[in-house]
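Asker: when you get a sec, could you give me coordinates for this:
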Amino acid sequence: MTLANKILDFKVVLVSGLESLTEQIATKIFNYPQNLGMPVNPEYDTKQQSMVDYLAQLPVHQTNFPPPAAPATLSQVFFGNFPEMSKIDRTFYEHKSDGFYNFYVPNYKNIFFLPDWLSQWLQINFNISVDTTPLEIIQQSIFLGLIGFFFLVEFRMKLYWFLTINPYTRPWIYLISLTDWIQDFMTGLSPVMLGVDLTAPIILGLTGKLADSLNHLVFTMPFLPSEGQPGKMMIDNEVQDVILFRYLPSLWYTHSIPNSLREFWYTQRIDILNFMKKNYAHLNIEFLPDRIISQSQHISKPLADNFTHGSELTSNLLSNFPVEVDSTLNLFMDKLIT
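Answerer: A predicted model of the protein is given here:
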């Protein structure tokens, strides 16, 4: 038997073994042949197709990166203005049936939210409810950090075009060292075209895409992102697609309402407290602040429980009665009898 025949026999045995193994896996795990797998042409889903058509007609949130220069003062003309984000704003509104903490955001194709589990974790562990200022500060800080890194990479790329400047001498080396780590990581992954290394342009594109995506991130506190309802509203005499967040947030039902918010209702916005009690009293949710609840529990405590040490106090009082007073009383009683 020649070597070619041996190789052919080995191929046949290998293919037969793989065929048998694949059939066993499909039979035991995927219930083959009863389960034939996904159809080649999936059935037409009216609901899914309507959602696809709805998303296709949505506008795109247009942003520019880097942010365009928009100086407002003379100093900003010479030194530049502070980069500003083009965020999607939340618009809060009050309604007699929806409640006081409703808001809507314009609906775009490229809008996105935090995952439900992350939004819930932030609200529960960091007491973030209606006010999302801490998250917005972090968002702005990351945005500015990416802009700074973007300009450092851009400066590094431009510096190599000046043949009279050695970038590895002071002070240039300090700026170069800030981007060396990403340059070393991407060098083996990025292509070279016509002798030009495309590492820097690729890094610039990825950094710009990541920073620009922060403009499309919307925080939905105190609601979860999945509670949003697509709808339409009349805004500036124009019907626009929006995402509505209204009624009672689900976390306020599954978990307690933040005490700071309940304290604010009780002391400054009694109308909100009355609305919550009137519309959601059947859900057994605590709307009063913790201090009021503890006080009411103490007042409603049985009288006998408040004086559990009454007998001990009486016995201590009698045992500590002064001896002089006791002798004086005895002498008075003797004289009264005689």
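Asker: now do stretch 235-255, average pLDDT.
Answerer: Stretch 235-255 carries an average pLDDT of 89.
Asker: same question for stretch 165-173.
Answerer: The model assigns stretch 165-173 a mean pLDDT of 83.
Asker: first to last residue in that stretch, what's the distance?
Answerer: 11 Å (C-alpha to C-alpha, to the nearest Å).
Asker: what's the weakest-modelled helix or strand in this protein?
Answerer: Least confident helix or strand, the chain: helix 310-319 with a mean of 48, by mean pLDDT, DSSP states H and E.
Asker: ok, and the closest non-adjacent residue to the residue most central in space within the chain?
Answerer: The chain has Ser119 as the residue nearest its centroid, 3.6 Å off, counting by C-alpha atoms, centre = their mean. Closest residue to Ser119 apart from its sequence neighbours, by C-beta to C-beta, 6 or more residues apart in numbering: Leu224 at 5.5 Å. C-beta coordinates here come from the backbone N, C-alpha and C atoms, glycine included.
Asker: what do you get for Phe113?
Answerer: Pro225 (3.6 Å).
Asker: just give the number of residues close to that neighbour.
Answerer: 19 (other C-beta atoms under 10 Å).
Asker: same deal with Asn274?
Answerer: Applying other C-beta under 10 Å, I find that Asn274 has 12 neighbouring residues.
Asker: please, which helix or strand holds it?
Answerer: helix 270-280 (DSSP states H and E).
Asker: flag every buried residue along that helix.
Answerer: By neighbour count on 16 or more other C-beta atoms under 10 Å, the buried set for helix 270-280 is 272-273, 275-276, 280.
Asker: look up how far Val105 lies from the closest residue to Glu263 other than its chain neighbours.
Answerer: Of all residues not flanking Glu263 in the chain, Pro289 sits nearest, at 4.3 Å (C-beta to C-beta, 6+ apart). Here Pro289 is placed at a distance of 30 Å from Val105 (C-beta to C-beta, to the nearest Å).
Asker: do a quick rundown of the strands in the stretch 1-150 of the chain.
Answerer: For the stretch 1-150 of the chain, the strands defined by DSSP state E, counting those that start in this stretch occupy 91-95, 99-106, 112-113.
Asker: reformat the ones you listed as TSV; add mean neighbour count, distance to Asn259 and mean pLDDT.
Answerer: Shown next, in TSV, are these (neighbours: other C-beta atoms under 10 Å; distance: least, C-beta to C-beta, whole Å; pLDDT from 0 to 100):
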stretch	mean neighbour count	distance to Asn259	mean pLDDT
strand 91-95	12	21	89
strand 99-106	18	16	91
strand 112-113	16	26	92
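Asker: Thr207 contacts Val153, correct?
Answerer: Yes - at 6.8 Å, Thr207 counts as touching Val153 under the criterion of C-beta atoms under 8 Å.
Asker: so what sits against both of the two?
Answerer: Listed as contacting both Thr207 and Val153 by C-beta atoms under 8 Å, 6 or more residues apart in numbering is no residue at all.
Asker: wait, a helix at Phe162?
Answerer: No - Phe162 is assigned coil when assessed by DSSP: H, G, I helix; E, B strand; the rest coil, not a helix.
Asker: that one and Phe155, how far apart?
Answerer: 11 Å.
Asker: between the two, who's got more neighbours?
Answerer: Phe155 (15 against 10).
Asker: give me the distance between the residue nearest to the more buried one when sequence neighbours are not counted and Leu8.
Answerer: Leaving aside its sequence neighbours, Phe155 sits nearest to Leu175 (C-beta to C-beta, 6+ apart; 6.4 Å). The spacing between Leu175 and Leu8, counted by C-beta to C-beta, is 63 Å.
Asker: okay, domains of the chain per the record?
Answerer: 74-225, 256-338 (automatic domain parsing).
Asker: my read is that Thr179 contacts Val153, right?
Answerer: Yes - under the criterion of C-beta under 8 Å, Thr179 makes contact with Val153 at 5.4 Å.
Asker: need the residues touching each of these two.
Answerer: Ile203.
Asker: these two: which is more packed in?
Answerer: The neighbour count for Thr179 versus Val153, taken as other C-beta under 10 Å, is higher for Val153 (21 against 18).
Asker: please identify which helix or strand holds the more buried one.
Answerer: helix 133-159.
Asker: quick revisit: nearest to Thr133, out of the strands of the stretch 1-150 of the chain?
Answerer: Smallest distance to Thr133 across the strands of the stretch 1-150 of the chain (C-beta to C-beta): 14.3 Å, for strand 91-95.
Asker: between strand 99-106 and the closest one, find me the angle.
Answerer: Calculated by axes from the mean of the first three to the mean of the last three C-alpha atoms, to 10 degrees, strand 91-95 forms an angle of 140 degrees with strand 99-106.
Asker: centre of the chain to stretch 45-57, how far?
Answerer: 27 Å (C-alpha atoms, centre = their mean, to the nearest Å).
Asker: nice, that's everything, thank you.
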